[in-house]
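Asker: Here is my input, please return the structure:
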Amino acid sequence: MSQFQGYTVDISLKGQDGRTIRGIISNIVNRDIILKNPVYVKSDGSYEKANAERITLPADTIADLNVIELAKESKQSRRSKKSGKNEQNDNNIKENTEEKTRKSKGKANGNANVNGDVNGNGNEKFDAPMVTKYVDIYNEKPKRVDSQSKKSIQLEEFDFASNLEKFDKQSVFKSISKSDNVEQSDRLVSFNKVDNVRKGKSDNYDNNEMVLKKKSDAGWDDNNEYNYSNVVGSSANSKVSGNSFPSSKSDNISKDSLNGRQTSNISLENNRKASITSTFAQFHSKSHGEAPIPTCSTLQLSEIFHLCNSKFDIDNRILIENSSRSICDVIINRVIGNFRISLKNHNEPPVILAVVGNNKAGAISIATARQLFNRGFKLVLYLLYDSENSQDELLNIVDQELKRYSNFGGKIVTKLSQLNQILHEVEKNPLELILDGLQGFDNDINELEDVELKQASELINWCNDSKVPIMSIDIPTGLNPSSGTFEGEEDSMIINSKYVVSIGLALSSTLNMYKFGYFEKGQVGHFLIECGIPRRLFGSKGTLRRFDRRWFAETSSIDLNVA
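Answerer: Residues are numbered from 1 along each chain as shown. Sure, this is the predicted structure:
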């Protein structure tokens, strides 16, 4: 323990007094510390000399030890260090002197070898190696390295030419070529080559180079093959009804016929209640504070449209145009997304199919297709009407909308083969939405006969099998618009709608499709569409006053939630 000798320490003793002794460690024997020049440290910081010059303190009596000062160097150690430095300096001076002497001798010998030896021996050479001193900058100890050994350490210059001759490139490349099975057309370099490169070709590009190729569907706006005159034809013109909706098909569904339809469906509805658990359904909307939304019957909706024309001079053409604009807005902003037809979007616009019937919903669907086509969508319109076999005349308003749509450039088909051919031409752009205007609130597709009923069944099955989202007007095609039930023979005649848009007011029958289990709550999205019904109309009759409210404000449509 000699390394602690000379340390000045404070030692606190055990016991009741707990006195502190300061002294210099003289020696440590076993576990006893011997202090010299001991003094007692009082609580106020003063000192009291001990009676003895040295005190021995056993380890058992020591409570704590603090080092106050390290040991000081003795004079003898300082002298030894000083003498060591002097000897080192003397050695350095001696070495420098010897080195200068050797250099002067080397120069003299070199001159003698050039001009002849001083003693007359001209063939004698000075072979003594030159010694150079290197200093280790970290340890400051001089080293002596011979110049010859230094040269041997240095690397020689790498000879690339001689080393390349040792490498047989041809044999290596031949072996690589034998094991290479990649076709020349599949190599990366082949993708950057221009086909039919001619030697001596001019620097200027030909008129067929650096030109963007036309898209395969660049002639989409060309509807010469599928326009009104070629598809609908003059045969339909001879059967066009000269009347508009109020006096023809729409209003020929008189109150008695509508009442009869509703009465005939009561027994069917009661029969379904026995087999299907009744489910309560009601419309709510966040726009109206989650208050229940009143619904109307088909008879009330027909009466409202009749009053629009008779009292407010709002004919069906205005109602259809307003409805088409509102539906177009829902499709762009709520269903597909406005970014799809944005001017900044370089991708192809969506493809939409509109299936229409000879009714008011069909006219609205045609007008909506015209609006969408004018916005940049790709539209195909399927008309479910056979001019040769149909017993009904083509409604005047439907015929007018077909002509407008065709004049805008839209395509019209009446057969599934024609539809599949058009969709095959744009197979890179899959069909994204089907607009269902086959039925509506004033027609029942199950009342069609023979050829048209078969065509309707094939078309509905095609739409359902396509797995494309379908948006129906008023009610899904196949369900009775008055009762919301199915009266046909096969359930496959019901179109699987994902969205339902209600024109003006929501029908009560749209809630019955949940009640009788045709659809589940949350499966279908409902929208109430603005068509331009005057607000004062609802106050003109007592049966319509419950609909008197401000339905639309900042938007032309509101979301309806089924609860």
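Asker: residue contacts, residue 380?
Answerer: Counting by C-beta atoms under 8 Å, 6 or more residues apart in numbering, residue 380 makes contact with 351, 352, 353, 354, 410, 411, 413, 419, 422, 423. To be clear about C-beta, it is placed using only N, CA and C from the backbone, and glycine gets the same treatment.
Asker: ok, now how distant is it from residue 433?
Answerer: Summarising the geometry, the distance separating residue 380 from residue 433, computed by C-beta to C-beta, to the nearest Å, is 11 Å.
Asker: Which of the helices or strands spans the nearest residue to residue 397 once chain neighbours are set aside?
Answerer: Here the nearest residue to residue 397 in space, its sequence neighbours aside, is residue 363; by C-beta to C-beta, 6 or more residues apart in numbering that works out to 4.9 Å. When secondary structure is defined by DSSP states H and E, residue 363 falls within helix 360-375.
Asker: Show me what secondary structure element comes after that helix.
Answerer: Next along the chain after helix 360-375, taking DSSP H and E as the criterion, comes strand 378-383.
Asker: between that following strand and helix 360-375, how many degrees?
Answerer: Between strand 378-383 and helix 360-375, the angle formed by their directions is 160 degrees, by axes from the mean of the first three to the mean of the last three C-alpha atoms, to 10 degrees.
Asker: for strand 378-383, what is the average pLDDT?
Answerer: Taken as a whole, strand 378-383 has an average pLDDT of 95.
Asker: Residue ranges of each domain in the protein, please.
Answerer: Residue ranges of the domains in the chain are recorded as 2-69, 233-562, according to automatic domain parsing.
Asker: dump the residue contacts of the residue positioned nearest the centre of the chain.
Answerer: Using C-alpha atoms, centre = their mean, the residue of the chain that lies closest to the mean C-alpha position is residue 339, 14.5 Å off. Contacts were defined as C-beta under 8 Å, 6+ apart; by that measure residue 339 touches residue 345.
Asker: With residue 304 instead?
Answerer: The neighbours of residue 304, taking C-beta under 8 Å, 6+ apart as the test, are 296, 504, 505, 533, 537, 544.
Asker: ok, now with 10 Å
Answerer: Counting by C-beta atoms under 10 Å, 6 or more residues apart in numbering, residue 304 touches 296, 319, 504, 505, 531, 533, 534, 537, 538, 541, 544, 547.
Asker: Show me those residues that map onto strands.
Answerer: Among those, DSSP state E puts none in strands.
Asker: Just checking: the least confident one among those residues is which?
Answerer: Of all the contacts of residue 304, residue 541 has the smallest pLDDT value, namely 87.
Asker: what about that one, how many residues close to it?
Answerer: Using other C-beta atoms under 10 Å, residue 541 is surrounded by 12 other residues.
Asker: hey, where'd the strands end up in the stretch 251-400 of the chain?
Answerer: When secondary structure is read from DSSP state E, counting those that start in this stretch, the stretch 251-400 of the chain shows strands at 283-284, 351-356, 378-383.
Asker: C-alpha coordinates for the last one, CSV please?
Answerer: So the one you mean is strand 378-383. Output of strand 378-383 as CSV, limited to C-alpha atoms (Å, rounded to 0.1, in the frame of the first residue of the first chain):
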residue,chain,number,x,y,z
LYS,A,378,-67.7,7.9,-71.8
LEU,A,379,-71.4,7.0,-72.2
VAL,A,380,-73.3,4.1,-73.7
LEU,A,381,-77.1,4.1,-73.6
TYR,A,382,-79.1,0.9,-73.8
LEU,A,383,-82.7,1.5,-74.9
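Asker: shouldn't residue 495 be in contact with residue 479?
Answerer: Yes - the pair residue 495 / residue 479 is scored as a contact, 8.8 Å apart, by C-beta atoms under 10 Å.
Asker: picking up where we left off before, kindly indicate the member of the contacts of residue 380 with the most neighbours.
Answerer: residue 354 leads these on contacts (other C-beta under 10 Å) with 28 neighbours.
Asker: Low-confidence regions, the protein specifically.
Answerer: Across the chain, residues meeting the criterion (pLDDT under 70) sit at 1-2, 16, 73-156, 190-203, 211-221, 233-279, 488, 490-491.
Asker: if we go to 50?
Answerer: Confidence mapping of the chain against pLDDT under 50 gives the ranges 108, 111-126, 132, 134-138, 199, 235, 238, 244-277.
Asker: Touching both of residue 380 and residue 433, which residues are there?
Answerer: Looking at what touches both residue 380 and residue 433 (by C-beta under 10 Å, 6+ apart), the common residues are 351, 352, 353, 354.
Asker: Skipping its backbone neighbours, what lies nearest the second one in space?
Answerer: In other words, residue 352. Leaving aside its sequence neighbours, residue 352 is closest to residue 433 (4.8 Å, by C-beta to C-beta, 6+ apart).
Asker: quick one, what contacts that neighbour?
Answerer: Taking C-beta under 10 Å, 6+ apart as the criterion, residue 433 is in contact with 331, 335-336, 350-354, 372, 377, 468-471, 498-499.
Asker: So it: helix, strand or coil?
Answerer: Here residue 433 is strand, with the state taken from DSSP: H, G, I helix; E, B strand; the rest coil.
Asker: picking up where we left off before, which residues are in contact with each of residue 495 and residue 479?
Answerer: With the criterion set as C-beta under 10 Å, 6+ apart, the overlap between the contacts of residue 495 and residue 479 is 439, 445, 472.
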